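Engineer: Take a look and give me a structure for this.
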Amino acid sequence: MNERLELTGLDGSNPLGFLAALGTLAELSREADLNCRMGWAFVGGVWNPHVLAQGLLKASEVVELLATRLCVGAISTAGGEALEQQLDAADAAQMDAKRAVKNAQDEIKSRKLRGKERDAAVLAEVEPLIAERNVRQANWLKLLEQASPSPELALGKDPAAPADHFQFTARRIVAQTLTAPAERGTADLIAAFGNEAVFDAKTNRVMPTPFCFVTGSGHQYFLQTVRDLLCHVDAARLRQALFEPRPHEDGLFSLRWDPVEDRRYSLMWADPTASGNKAKTNWALNLLAYRGLQLLPSMPAGRRLATTGFARRGGRLEWTWPVWTPPLDVDVVRSLLARRDLQDDEPNRRKLAAIGIAEIFRSVRIQVGNPPLHKLNFSPATAV
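Structural biologist: Numbers count the residues shown, from 1 in each chain. Below is the predicted model:
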């Protein structure tokens, strides 16, 4: 018997809520016996998802399964905390080594050396520092792999990893998936992050998915934030996020996908940096939304990175997503999200309604300020 479970805490018109719904579907679908499907219903002015699965599917069972699948609390165990301390120390050491290399290079440049003199100075002063940097970086990456409850987190702090490291990590994950096809979620995640064929020629780092809103400003990074969320999310938080809609109460760790986190002065009645007026988020929603990226892969498009649902329109980068009423499995949803006609300026609503799409939402990816001191957000969604 198929049981229907309403996820009343998720709002399909909100980018964070929709991504969290995708993450929930993706993780539940890893249990093949459940035959999980998801649909949406407009209830009380909100698009809420519901899941249907084979057999009994209680809220407590969903929460328990998700907590296991997401590895919540995996980093916060006693042994994990010790490893995290080693990881922090190794990270600081490799960052110091990087700065030492740059300082030495800048110092040689300031001396305006040329030819053999410059080459000799680089060999004597920079090359030993590069060797030390490589050793420290290798140590950090080894510890990072040991401390990562999910293999894609071994990329480092940021999806914009060095292209060779990204390629190595991706190939290792794909090889693991070949022996355990049911665990393809990690491969889908790294496919969402980017592609080693599309990289910045100056830094040799891959161009990350446009969903990467946490890029180092304020010393906060995307994958590091995910690791922090794993430390702080538990089953109780997952239950509240899925079934108990309420104002956001959490701070610090956010992937910035909720439009309410756009805290510009012009949009606020009071100083957004003032005590008591800080942006709030929901840690469990963010973690579920992160896993939703499994259904939104990126791929090379010429020299650029193309990501499912994103398109440039009038000089703006916009993300478009549908909500659908019939219960669909994860593979059908994956295809639905990638439909080209969703990107039309005026999608053919009658045609899309015939396949169950009831509404289409679109948000603008907003950049406030200039890199590296900038913020990224989604605008409030509008129905297309």
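
Engineer: Surely residue 305 forms part of a strand?
Structural biologist: Yes. Assessed by DSSP: H, G, I helix; E, B strand; the rest coil, residue 305 belongs to a strand.

Engineer: Give the burial count for it, as a bare number.
Structural biologist: 21 (other CB atoms under 10 Å). Every C-beta, even on glycine, is put in place using the N, C-alpha and C of the backbone.

Engineer: Please apply the same query to the one 3 residues further on.
Structural biologist: Each residue near residue 308 was counted by other CB under 10 Å, and the total is 21.

Engineer: Could you find the closest non-adjacent residue to it?
Structural biologist: Distance criterion CB to CB, 6 or more residues apart in numbering; nearest residue to residue 308, sequence neighbours excluded, is residue 296 at 4.4 Å.

Engineer: So which other helices or strands are in contact with the helix or strand encompassing residue 292?
Structural biologist: Using DSSP states H and E, residue 292 sits within helix 283-292. Helices and strands touching helix 283-292, by 3 or more CB pairs under 8 Å, 6 or more residues apart in numbering; DSSP states H and E, are helix 15-28, helix 59-70, helix 222-232, helix 235-243.

Engineer: Pick the most buried one from the ones you listed.
Structural biologist: Per residue and on average, the most neighbours among these fall to helix 15-28, with a mean of 26 (mean count of other CB atoms under 10 Å).

Engineer: how about that one as PDB, C-alpha atoms only?
Structural biologist: C-alpha atoms of helix 15-28 as PDB (Å, rounded to 0.1, in the frame of the first residue of the first chain):
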ATOM      1  CA  PRO A  15      14.600  28.200  -3.700                       C
ATOM      2  CA  LEU A  16      15.800  26.800  -0.400                       C
ATOM      3  CA  GLY A  17      12.500  24.900   0.200                       C
ATOM      4  CA  PHE A  18      12.400  23.500  -3.300                       C
ATOM      5  CA  LEU A  19      16.000  22.300  -3.100                       C
ATOM      6  CA  ALA A  20      15.400  20.700   0.300                       C
ATOM      7  CA  ALA A  21      12.400  18.800  -1.300                       C
ATOM      8  CA  LEU A  22      14.800  17.600  -4.100                       C
ATOM      9  CA  GLY A  23      17.300  16.500  -1.400                       C
ATOM     10  CA  THR A  24      14.600  14.600   0.500                       C
ATOM     11  CA  LEU A  25      13.400  12.800  -2.700                       C
ATOM     12  CA  ALA A  26      16.900  12.000  -3.700                       C
ATOM     13  CA  GLU A  27      17.900  10.500  -0.400                       C
ATOM     14  CA  LEU A  28      14.700   8.500   0.100                       C
END
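
Engineer: Could you dump the helices and strands packed on helix 283-292 into a markdown table and include mean pLDDT and distance to residue 347?
Structural biologist: A markdown table is the format used below for those (pLDDT from 0 to 100; distance: least, CB to CB, whole Å):
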| stretch | mean pLDDT | distance to residue 347 |
| --- | --- | --- |
| helix 15-28 | 97 | 17 |
| helix 59-70 | 92 | 32 |
| helix 222-232 | 91 | 30 |
| helix 235-243 | 96 | 29 |
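
Engineer: Among these, which comes closest to residue 94?
Structural biologist: Checking the helices and strands packed on helix 283-292 against residue 94 by CB to CB gives helix 222-232 as the closest, at 14.0 Å.

Engineer: Please state the offset of the closest one from the chain centre?
Structural biologist: 10 Å (CA atoms, centre = their mean, to the nearest Å).

Engineer: Only alpha carbons, please: show that helix as CSV.
Structural biologist: Taking Å, rounded to 0.1, in the frame of the first residue of the first chain, the C-alpha atoms of helix 222-232 are listed here in CSV:
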residue,chain,number,x,y,z
PHE,A,222,30.7,26.3,0.5
LEU,A,223,31.9,22.8,1.4
GLN,A,224,33.3,23.9,4.8
THR,A,225,29.8,25.2,5.5
VAL,A,226,28.4,21.7,4.6
ARG,A,227,30.8,20.2,7.1
ASP,A,228,29.6,22.6,9.7
LEU,A,229,26.0,21.7,9.0
LEU,A,230,26.8,18.0,9.4
CYS,A,231,28.1,18.8,12.9
HIS,A,232,25.0,20.7,14.0
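
Engineer: helices or strands next to it in the packing?
Structural biologist: Helices and strands touching helix 222-232, by 3+ CB pairs under 8 Å, 6+ apart, are helix 283-292.

Engineer: Give me the angle between the helix it packs on and helix 59-70.
Structural biologist: If you take axes from the mean of the first three to the mean of the last three CA atoms, to 10 degrees, helix 283-292 sits at 60 degrees to helix 59-70.

Engineer: Can you give the contact residues for whichever helix or strand comes after helix 283-292?
Structural biologist: Sequence order places strand 298-301 as the next helix or strand after helix 283-292, per DSSP H and E. Residues outside strand 298-301 that contact it (CB atoms under 8 Å, 6 or more residues apart in numbering) are 191, 192, 193, 194, 195, 197, 198, 209, 305, 306, 307, 308.

Engineer: and the second one, what does it touch?
Structural biologist: In this case it means residue 192. So residue 192 contacts 209, 211, 293, 294, 296, 297, 298, 307 (CB under 8 Å, 6+ apart).

Engineer: residues touching the first one, list them.
Structural biologist: So the one you mean is residue 209. 159, 192, 193, 194, 293, 296, 298, 305, 307.

Engineer: okay if I get the residues you listed as JSON lines plus distance to residue 63?
Structural biologist: Conversion of the contacts of residue 209 to JSON lines gives the following (distance: CB to CB, whole Å):
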{"residue": "159", "distance to residue 63": "28"}
{"residue": "192", "distance to residue 63": "25"}
{"residue": "193", "distance to residue 63": "27"}
{"residue": "194", "distance to residue 63": "32"}
{"residue": "293", "distance to residue 63": "21"}
{"residue": "296", "distance to residue 63": "24"}
{"residue": "298", "distance to residue 63": "30"}
{"residue": "305", "distance to residue 63": "35"}
{"residue": "307", "distance to residue 63": "30"}
